[in-house]
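Engineer: no FASTA, just this:
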């Protein structure tokens, strides 16, 4: 009744997936040493150091790089690879292209579900970013991977959810699992998902009459 | 520091006293005197020691303890006592209350809890009383669009029907409220009222949950009444009578459960379903339909339904005892009443008091009651046991077992009983009698 | 804004046999949410979950507090699993602030999180028991929970909301003699778990009621993006602890529980079997843990994250639990998004309940390992 996982299977996979993980080398050790020294030096001077210490660039892992290269070679300048880190890839695209990219990611790369859909509000650049965190259950190598697919939609100062320019095509037809996440994103940020079958309120009360609450200009009282 | 009220007037005080006396006299003449006359002219009073007992005589005899006992005895043999106290309502309610207490502690021990603990000092023995007081003091809320007369009368009908059922159960030889010759048919008729009451009150409450619960209760009770009736037919065949007291007497040597175990099992399961107890508590399934047909009842209306449910539990367990476990039959364990007291009376120092009319209850009756109570309590405990063990089942599974399996099984024992009858082993004029 | 008709309203217009039931929020079988259920006779023709009754805007609150102040309120969405909901937050903040965690702290965190997973699962199991009308199964896990609550109280000082895991390690070291006590209670608990099997999981009525109801196939489980026990009950071998090991899970000896049936029974059994694995992990971690050493890397006051973002996830009692933190050189995070297992499994409720009998509603609904408060955040 209970299928337990074969034990011998597990270590070989992980070594396969993480074979390209950097071993601590001499340069890394030297880097940390200098970092410590720097920290001491700055602390003696009493300077805030979190910004000043340069974050040492970590070596780019091979497997993740190969995945991002596939997308980059397919779409070229349409997709911008923001970063490639161990187990994490992030890329951003324009909202016009997101459906194509998503179909490619699902069909060719084997990412089959969305873990979350996060909205991030950037009032300064008048944009709202929608980040899809995609994962895979079927591809053994990609089970540890999270691919973040980001797109930006214009932001209105006086939002009118559903009727203003803040809209983007829905990915529900590509990843069925985004349905409730997109509904949440719609009510919290006012981003309308075109083609979503059920653009209703989810968490907020029915009589909510304020601006979408997760925008930056919605202030919590007393803060 | 108390002072006389500043508004005090002696004249008004006297006037109020006169007022009170006037009202007392008025009520006595309007209500009290007619009652006395009704008692004198219409109520048949017992004849004790060759004298007709009038209310006035009864008052004089109250002064003499030796004359008191015959009066009590005559009261005990009156119909009112049977209905209200001993084999009827009071006895059943007491047994039901004891059952609730035992159920709570029993279930608590099963589930690694302590159960009621504080109310009444000793193991929470007064918890039920506290619950009753709480229910009585609670507000009764009627849903706005309910059919009020039917909604009000529902709990009363439920308790009334349960009481009618209780009145048919013989407890000891000769001790039964109603002893019709068609006792078992009367039982079936009484049981048949429950689904109607449930549906009426569920529909009258005008709520979706009560509606679903009422429909479930209706389906469940009807589908389980048929195997219930069928399972009892074998008893009727074997004993050759429908009178419950005669059925008990027919089991003097062998309990019918020996010959009809399948019927007993079917009957036992159907009574669990009729009582809406876990695993068949679908009409009150909490997590599905709030409280089923009880959802809108509040305060003492709910209390009455609970009372009715526990009376019903007692009645069904009693019926099981009467039909399968030999009722009051059992070895004589009750000590006989000491003859000394009857012949010589009680000597306390210089005084010797004689009590004519003792004993109040004969030995047969006490012994029968003891056995009946032991068996009934045992059956009740077995009915309660599944509550700690089983989850609730689904309505379709319940109906399926009701209509297909239990009806079929109930027939099996009818054929066995017929076979035993025609082979001449059992029944009137059989080998074993 | 055009308000589209809620699903099911059109059904009610077509057929007057269809009745709408509001299951919740004041229904004993709903939790803090509402299920708008349309029934045709005894069959559910449509189900529309309506969460949000306990939405507290944790993500918004997190934008106003710094990384340390965020600790206690972020565990509120699911106080019964408070270590696991803080775990990814700590991992994310550590990655963001570039903090190394002492070795002993990693083991202590694993022990705390596994103990908490058991507490959560027992609570869930207790409610599953009473949802099916099995009152003994309500009382037993609720009582046995105390074993682990006591252990975590000894560790952290709080019975339910521990706030024990902090970025940089754990708040304080284990108390004296903790190892022996923990081992003793875990061993006793394993004995109790076997009794659950006898009274609940092998109960013929339970099997008859839950087996074969609410079947979620492997393909659908993947397509709907379910997680946790729901996913594993459908035959997908996915556990973040195995697939993306955090802290010291790669050194520990345990197995992923996978069942193939995908019905309510399998979904209710997987968390139960995982409690055995949790006990195994705890015992193993107690053995492999460094016996002494620091348990916390002190952060400097008011730490600031760089201009960066990070997504970290762990396996909680309800599945993968991820934190997406965007920071912009400020002591407060710019945006915190909590991706919780309950919210991801929410999509299964309308999917699975459609076509089921009304009597199966609690059995299917609660088998999804769904915690309404966590889903609302």
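Structural biologist: Yep, that arrived. Bear in mind the structure is a predicted one, so any value in this text is a computation, not a measurement.
Engineer: ok, and the closest non-adjacent residue to residue 154?
Structural biologist: Unless you meant another one, I'm taking chain A. Excluding its sequence neighbours, the residue lying closest to residue A:154 (C-beta to C-beta, 6 or more residues apart in numbering or on different chains) is residue A:165, at 4.9 Å. To be clear about C-beta, it is placed using only N, CA and C from the backbone, and glycine gets the same treatment.
Engineer: actually chain C
Structural biologist: In space, residue C:154 is closest to residue C:175, 5.2 Å off (C-beta to C-beta, 6+ apart).
Engineer: is it true that residue B:413 touches residue B:235?
Structural biologist: No - taking contacts as C-beta atoms under 8 Å, residue B:413 lies outside contact range of residue B:235: 9.2 Å.
Engineer: is it fair to say residue C:37 lies in a helix?
Structural biologist: No - counting by DSSP: H, G, I helix; E, B strand; the rest coil, residue C:37 is located in no helix; its state is strand.
Engineer: Now the closest residue to it other than its chain neighbours. Its backbone dihedrals?
Structural biologist: Leaving aside its sequence neighbours, residue C:37 sits nearest to residue C:21 (C-beta to C-beta, 6+ apart; 4.6 Å). As for residue C:21, its main-chain torsions (degrees, to the nearest 10) stand at phi -120, psi 130.
Engineer: Find me the pLDDT at the closest residue in space to residue A:173 that isn't next to it in sequence, would you?
Structural biologist: Distances taken as C-beta to C-beta, 6+ apart place residue A:195 nearest to residue A:173, at 7.1 Å, with adjacent residues excluded. Residue A:195 carries a pLDDT value of 83.
Engineer: Would you quantify the distance from residue A:195 to residue A:132?
Structural biologist: Counting by C-beta to C-beta, to the nearest Å, the gap between residue A:195 and residue A:132 amounts to 15 Å.
Engineer: what do you get for residue C:36?
Structural biologist: Taking C-beta to C-beta, one finds residue C:36 at 28 Å from residue A:132.
Engineer: what's the closest non-adjacent residue to residue B:384?
Structural biologist: That would be residue B:103: by C-beta to C-beta, 6+ apart, it lies 4.9 Å from residue B:384.
Engineer: Am I right that that neighbour is in contact with residue B:386?
Structural biologist: No - Residue B:103 is beyond contact range of residue B:386, at 11.8 Å (criterion: C-beta under 8 Å).
Engineer: which of those two has more neighbours?
Structural biologist: residue B:103 (20 against 16; other C-beta atoms under 10 Å in any protein chain shown).
Engineer: Next secondary structure after the helix or strand harbouring that one?
Structural biologist: Element membership for residue B:103, per DSSP states H and E: helix B:89-110. Following helix B:89-110 in sequence order, the next helix or strand is helix B:127-137 (DSSP H and E).
Engineer: Determine the set of other helices and strands touching that next one.
Structural biologist: Applying 3 or more C-beta pairs under 8 Å, 6 or more residues apart in numbering or on different chains; DSSP states H and E, one finds that helix B:127-137 contacts helix B:89-110, helix B:299-324.
Engineer: most packed of the ones you listed?
Structural biologist: helix B:299-324 (a mean of 24; mean count of other C-beta atoms under 10 Å in any protein chain shown).
Engineer: Report the rounded mean pLDDT for it.
Structural biologist: Per-residue scores along helix B:299-324 average to 89.
Engineer: same deal with stretch C:246-253?
Structural biologist: Mean predicted lDDT for stretch C:246-253 stands at 86.
Engineer: Now the terminal residues of it, how far apart.
Structural biologist: As for stretch C:246-253, its first-to-last residue distance stands at 14 Å under the measure C-alpha to C-alpha, to the nearest Å.
Engineer: Can you point out the buried residues in it?
Structural biologist: C:246-249, C:252 (16 or more other C-beta atoms under 10 Å in any protein chain shown).
Engineer: Enumerate every residue touching the closest residue to chain A within the stretch 101-250 of chain B.
Structural biologist: Using C-beta to the nearest C-beta, the closest approach of the stretch 101-250 of chain B to chain A is made by residue B:208 at 21.2 Å. Contacts here follow C-beta atoms under 8 Å, 6 or more residues apart in numbering or on different chains; on that basis residue B:208 touches C:19, C:21.
Engineer: The one 3 residues further on too?
Structural biologist: Taking C-beta under 8 Å, 6+ apart as the criterion, residue B:211 is in contact with B:202-203.
Engineer: Can you name the next helix or strand after the helix or strand hosting it?
Structural biologist: Using DSSP H and E, residue B:211 sits in helix B:208-239. Moving toward the C-terminus from helix B:208-239, the next helix or strand (DSSP H and E) is helix B:244-249.
Engineer: what comes into contact with the helix or strand following that next one?
Structural biologist: Downstream of helix B:244-249, the first helix or strand assigned by DSSP H and E is helix B:261-274. Defining contact as C-beta under 8 Å, 6+ apart, one finds that helix B:261-274 is touched by B:191, B:194, B:220-221, B:224-225, B:227-228, B:230-232, B:234-235, B:256-257, B:279-280, B:312, B:316-317, B:319-320, B:323-324, B:382-383, B:386, B:398, B:402, B:406, B:409-410, B:412-414, B:416.
Engineer: Alongside chain C, which residues does the stretch 251-400 of chain B contribute?
Structural biologist: B:278-279, B:281-282, B:285-290, B:387-397 (C-beta under 8 Å from any C-beta of the partner chain).
Engineer: Of these, which qualify as buried by neighbour count?
Structural biologist: B:278-279, B:281-282, B:285-290, B:387-395, B:397.
Engineer: can you pull the contacts of whichever residue of the stretch 1-150 of chain B sits closest to chain C?
Structural biologist: At 3.7 Å from chain C, residue B:111 is the closest residue in the stretch 1-150 of chain B, using C-beta to the nearest C-beta. Going by C-beta under 8 Å, 6+ apart, residue B:111 touches B:388, C:135-136, C:138-140.
Engineer: Relative to residue C:321, how far out is it?
Structural biologist: 32 Å.
Engineer: mind giving me the domain ranges of chain A?
Structural biologist: A:25-57, A:60-223 (automatic domain parsing).
Engineer: Just send those back as CSV, with distance to residue B:81 and mean neighbour count too.
Structural biologist: Formatted as CSV, the domains of chain A follow (distance: least, C-beta to C-beta, whole Å; neighbours: other C-beta atoms under 10 Å in any protein chain shown):
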stretch, distance to residue B:81, mean neighbour count
domain A:25-57, 91, 11
domain A:60-223, 63, 19
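Engineer: Lowest mean pLDDT across these, which one is that?
Structural biologist: It's domain A:25-57: among the domains of chain A, that one has the lowest mean pLDDT, namely a mean of 53.
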